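Peer 1: Kindly return the folded structure for what I paste below:
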Amino acid sequence: MDRTTAYVATPGEEERFAHPVGGDVCTSVGFSRELWGRLPVGSVVYVDARIELAHRRLLVAATTGDADYAVAEELLRLVALAAGYATKSVIGDGVLAAAAREAILADVPQSATLCGLAELLGVSPFRLSRVFSRQTGTSLTRFRNRVRVGRAMDRLADGETALADLAHDLGFADQAHLTRTVRDHVGRTPVELRRLLASR
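Peer 2: Residues are numbered from 1 along each chain as shown. Got it, this is the predicted structure:
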């Protein structure tokens, strides 16, 4: 994809592109045949303003360190817009959102990634992301982070001091990712929270 054109091709096939206008700055995304076998291939897609916005959101999400959810959600939004990809499922929207919520709250291993959670629930990652947002009013990424922030507060209240270990245990990319996420949700750093939550 570049600013005005996207091209969808069969995964694994070698491609060659020339970028005569604007240099050689573009975004390339690859998927396995199994996961994205039903994408329309070999077509050029006009990049309208909605697709460009989705592309920009993907690039911003890539700076967060949360590839499993934040990047995955934005990537799926981009691909869905660019390829017109949609799937149907027999699972109702409310039931699907509730099942996703319960899996994240129960810390089911497959809920560690958006694609794993979608596979567990038998739907496409795009449908899961879209339905969850519509049903709950928040993205899967934000909900999962909210749950992880709650778990972090539990551990901090119990006196946890090893923030790098805490970040690892809760599935954050690193301590800085934990700190950014906690600050985003409660307006304070983990160190500040530990002081606030310490037994008096």
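
Peer 1: distance between stretch 113-124 and the chain's centre?
Peer 2: 12 Å (C-alpha atoms, centre = their mean, to the nearest Å).

Peer 1: what about this structure, any weak spots by pLDDT?
Peer 2: Scanning the chain for pLDDT under 70 picks out the ranges 1-13, 15-25, 33-48, 83-91, 199-200.

Peer 1: just the helices in it please.
Peer 2: In the chain, the segments counted as helices under DSSP state H are 33-36, 49-61, 72-83, 93-105, 114-121, 125-136, 140-157, 163-169, 175-186, 190-197.

Peer 1: Nearest to Cys26, out of these?
Peer 2: Nearest to Cys26, of all these, is helix 49-61, at 10.0 Å by C-beta to C-beta. For the C-beta atoms, the positions are set from N, CA and C on the backbone; glycine is no exception.

Peer 1: which other helices and strands contact the closest one?
Peer 2: Here helix 49-61 is seen to pack against helix 72-83 when contacts are counted using 3 or more C-beta pairs under 8 Å, 6 or more residues apart in numbering; DSSP states H and E.

Peer 1: how far away is Glu14 from Leu76?
Peer 2: 25 Å (C-beta to C-beta, to the nearest Å).

Peer 1: quick one, which of these two is more surrounded?
Peer 2: The neighbour count for Glu14 versus Leu76, taken as other C-beta atoms under 10 Å, is higher for Leu76 (23 against 5).

Peer 1: Identify the residues contacting Asp174.
Peer 2: 65, 164, 167 (C-beta atoms under 8 Å, 6 or more residues apart in numbering).

Peer 1: Out of those, give me the one that has the most neighbours.
Peer 2: Ala167 leads those on contacts (other C-beta under 10 Å) with 22 neighbours.

Peer 1: how many other residues sit next to the spatially closest residue to it that is not a sequence neighbour?
Peer 2: The shortest distance from Ala167 to any non-neighbouring residue, by C-beta to C-beta, 6 or more residues apart in numbering, is to Leu178 (3.8 Å). For Leu178, the count of nearby residues is 25 (other C-beta under 10 Å).

Peer 1: With distance to Pro109 added, can I get the contacts of Asp174 in a markdown table?
Peer 2: Shown next, in a markdown table, are the contacts of Asp174 (distance: C-beta to C-beta, whole Å):
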| residue | distance to Pro109 |
| --- | --- |
| Gly65 | 21 |
| Ala164 | 22 |
| Ala167 | 18 |
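
Peer 1: just to revisit the earlier point, mind checking how far the residue nearest to Ala167 is from Ile104?
Peer 2: From Leu178 to Ile104 the distance is 17 Å (C-beta to C-beta).
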